[in-house]
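Novice: just to be clear, the model below is a prediction. Sequence and coordinates:
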Amino acid sequence: MPTKVILKVSKGKCSGEELPPFDKKETLILGRQNDCNIVFPEITVSRYHCLLDIAPPSVIVRDFGSLNGTYLNEEKIGQRNAALSIEEARKQKYNEFPMKTGDRLRLGPDCEITLDIVIPQYCAECSCEIEQPGHVNKDNLPICHACHAKALEQKAKKEEEERLARKMEQERIEAEKRAEELAAKAKAAADERARIKAEKERIEAEKRAKELAEKERLEAIRRAKEEEKRRKEEARIAGEKAKRNNRRCEVCGASLDGELNICSACLKDPVRILEFLLLEASKGEGDVMGIAGYRKVKELGRGGMGAVWLVEENKTGERMALKLMLPEAAADKQSRKMFLREAYMAGQLTHKNVVRQLKCGQSGDTYFILMEFCQGGSVDKLMEKNGGKLSLDLATHITLQVLDGLHYTHKKEVVSTLEDGTTRTVIGVVHRDFKPGNIFLSDNSSRPVAKVADFGLAKAFETAGLSGHTRSGQVAGTLPFMPRQQIINYRYARPDVDIWAAAASYYNMLTGTYPKDTRGKDPYVVALNDPAIPISRRNARIPEKLAKVIDTALIERPEIGIRSAQELKKAIENAL
């Protein structure tokens, strides 16, 4: 059972209603507007009142500058001044607040929801997941029903053995007493026949007593052997625990307290994690065999989800990029499998304008992806080298190529593995985090091949709940390159959100700025409400026809202006 977040309306017109539990990454807009994820009818609730970022077990809330305020357990966490207009309020920035189980979130005076976080428990004896907690062991730790039944069975067996032992002891005592009585009777009997009979009975009684005594002795030996076996098993388990406690980190030598062979400190350092993964691969560990035979060359960069390294295969000298993705939040086994399924699905993409993903795997809570190395680096780094933007010729050369890559991926048939192990064919993969930082160049020439990187990985990582809570300014993607459709319904975003992001990236390359002005404003509110600024205001040298194409592509209401990669590419080519 994965960790679940449950929201229940505890005040208002919808009081008593409980939303379906959330066990995956969700970003929810709460408000009165019909396109909010959760709509409340109360007039005191703002159109876009607040945001809930759910990544079980983490829940983060932030106010959107609501008129009547947002309250967490009666403490105000956000509200705009009544004297401010909506436009002025959007320039304000609002903080994020973590929530815990039992918290009450009030939207204005008339609407309230309560939060319940259900975290699965694991058996202290066999480590299996406990579906219905209720039993504890002798150390008052939770155990599963099977281990509880086993403990009861062992207890009953021990009590039965003790009862039998007491019964046998009583029978032996009674037999000895009877033998003594018969011996006395035989001695006192004057009649020889009576004496002989008594003697015979005495002998039989003594024989019976000896048999019972022997049986008791053998039973005591059996119990002693079982007790010795139990003590040895407990000693073995204690020894294994002590051995685990005495294990040392294979990277720094520090004491270990978990199941992995790397300490928690090294797990926070991408350099040491890479050393650990390569060491595990050299030992033939199955999960990391995909990177066996590689050595690290240098670090290429770090980001919100981890670090990227340049590695070289020892035999061939071929260079690859190795991406390490480091989760900030504990995730259940189901979520990890979900991420790997999406990552493997992205590995089926083969196109000259898409960075090829070669291998993917996991070691503990660290995920690695071995991919094609692009010597020219990312477009955002190239922009930095060129003063923050690119020439019209180079920006167009790059954009037309990545639109070919997007067209391919949006139409490509890929095989997806479902939770039950069956497979199905699906059409297309949506990126959901397209931006200049995810466009890589084959070399440093003036006409490099441009390639789209990280297809589906950001979405898979966030959806699986592996990234902790969303950082300010991000929500399963990067806000300046996201249309409002993706924020409101990002899990089911269609390919057109990538087209909007491609137009925003082209805009960024040509102007050095984002399509929407977020300076001094809350980026969420801007992304949800503000239209893109016409590109000619940012760069008057952009040809008029091209400016019109870009402005059209950045339309969001009622729908995205240009909805396919081919359509945008043809429009750009015709404009130029």
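Specialist: Right, received. Where do you want to start?
Novice: mind listing what A186 touches?
Specialist: A194, R195, K197, A198, E199, E201, R202 (CB atoms under 8 Å, 6 or more residues apart in numbering). Every residue, glycine included, has its C-beta placed from N, CA and C.
Novice: change it to 6 Å
Specialist: The contact partners of A186, by CB atoms under 6 Å, 6 or more residues apart in numbering, come to R195, A198, E199, R202.
Novice: distance of it from A307?
Specialist: 96 Å (CB to CB, to the nearest Å).
Novice: with F64 instead?
Specialist: As judged by CB to CB, F64 and A307 stand 34 Å apart.
Novice: same question, P448
Specialist: Look at P448 and A307: by CB to CB, they are 24 Å apart.
Novice: next: V526.
Specialist: Taken as CB to CB, the span from V526 to A307 is 30 Å.
Novice: V136 too?
Specialist: V136 is 42 Å from A307, by CB to CB.
Novice: of those two, which one has the most company?
Specialist: A307 (19 against 12; other CB atoms under 10 Å).
Novice: leaving aside the residues next to it on the chain, what's closest to the more buried one?
Specialist: Leaving aside its sequence neighbours, A307 sits nearest to P270 (CB to CB, 6 or more residues apart in numbering; 3.6 Å).
Novice: from what I can see the one you found touches L324, true?
Specialist: Yes - contact criterion CB atoms under 6 Å: P270 and L324 qualify, at 5.5 Å.
Novice: report the set of residues contacting both of these two.
Specialist: A307.
Novice: looking at this structure, which strand is longest?
Specialist: strand 294-303 (DSSP state E).
Novice: who are the packing partners of that one?
Specialist: Judged by 3 or more CB pairs under 6 Å, 6 or more residues apart in numbering; DSSP states H and E, strand 294-303 is in contact with strand 306-313.
Novice: mind doing that once more with 10 Å?
Specialist: Applying 3 or more CB pairs under 10 Å, 6 or more residues apart in numbering; DSSP states H and E, one finds that strand 294-303 contacts helix 270-282, strand 306-313, strand 319-325, strand 377-378.
Novice: sheet partners, orientation included, of the last one?
Specialist: Applying DSSP bridges, strand 377-378 is found paired with strand 439-441 (antiparallel).
Novice: could you identify the helix or strand that succeeds the strand it pairs with?
Specialist: Next helix or strand after strand 439-441 toward the C-terminus (DSSP states H and E): strand 450-452.
Novice: per-residue pLDDT, A565?
Specialist: pLDDT for A565: 96.
Novice: show the contacting residues for it.
Specialist: 400, 402-411, 495-496, 498-499, 502 (CB atoms under 10 Å, 6 or more residues apart in numbering).
Novice: distance to G421 and mean pLDDT added to the helices and strands packed on strand 294-303, as JSON lines?
Specialist: Output for the helices and strands packed on strand 294-303, formatted as JSON lines (distance: least, CB to CB, whole Å; pLDDT from 0 to 100):
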{"stretch": "helix 270-282", "distance to G421": "26", "mean pLDDT": "81"}
{"stretch": "strand 306-313", "distance to G421": "28", "mean pLDDT": "85"}
{"stretch": "strand 319-325", "distance to G421": "24", "mean pLDDT": "85"}
{"stretch": "strand 377-378", "distance to G421": "37", "mean pLDDT": "92"}
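Novice: may I ask which helix or strand of the protein has the lowest mean pLDDT?
Specialist: helix 457-463 (a mean of 45; mean pLDDT, DSSP states H and E).
Novice: so where's the stretch 451-576 of the chain shaky on pLDDT?
Specialist: 456-477, 490-491 (pLDDT under 70).
Novice: the closest residue to E275 other than its chain neighbours: neighbour count?
Specialist: Spatial nearest neighbour of E275, chain neighbours left out: V251 (5.5 Å); criterion: CB to CB, 6+ apart. By other CB under 10 Å, the residues close to V251 number 20.
Novice: quick one: V251 from I203, how far?
Specialist: The value you get for V251 to I203, if CB to CB is used, is 78 Å.
Novice: A82 now?
Specialist: In terms of CB to CB, A82 sits 109 Å off from I203.
Novice: related to what we said a few turns ago, may I see the buried residues of the longest strand of the chain?
Specialist: Across strand 294-303, burial judged by 16 or more other CB atoms under 10 Å covers Y294, L300.
Novice: what's that strand in contact with?
Specialist: With CB under 10 Å, 6+ apart, strand 294-303 has contacts from 270-271, 274-275, 277-278, 281-282, 307-315, 318-326, 370, 373-374, 377-378, 381, 437-438, 454, 458.
Novice: among those, the buried ones, what's the PyMOL command?
Specialist: Buried residues among the contacts of strand 294-303 (16+ other CB under 10 Å), as a PyMOL selection:
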select buried, resi 270+274+275+277+278+281+307+308+309+311+312+320+321+322+323+324+325+326+370+373+374+377+378+381+437+438+454+458
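Novice: now stretch 381-399: mean pLDDT?
Specialist: pLDDT averaged over stretch 381-399 gives 96.
Novice: so where's the stretch 1-150 of the chain uncertain?
Specialist: In the stretch 1-150 of the chain, residues with pLDDT under 70: 1, 84-92.
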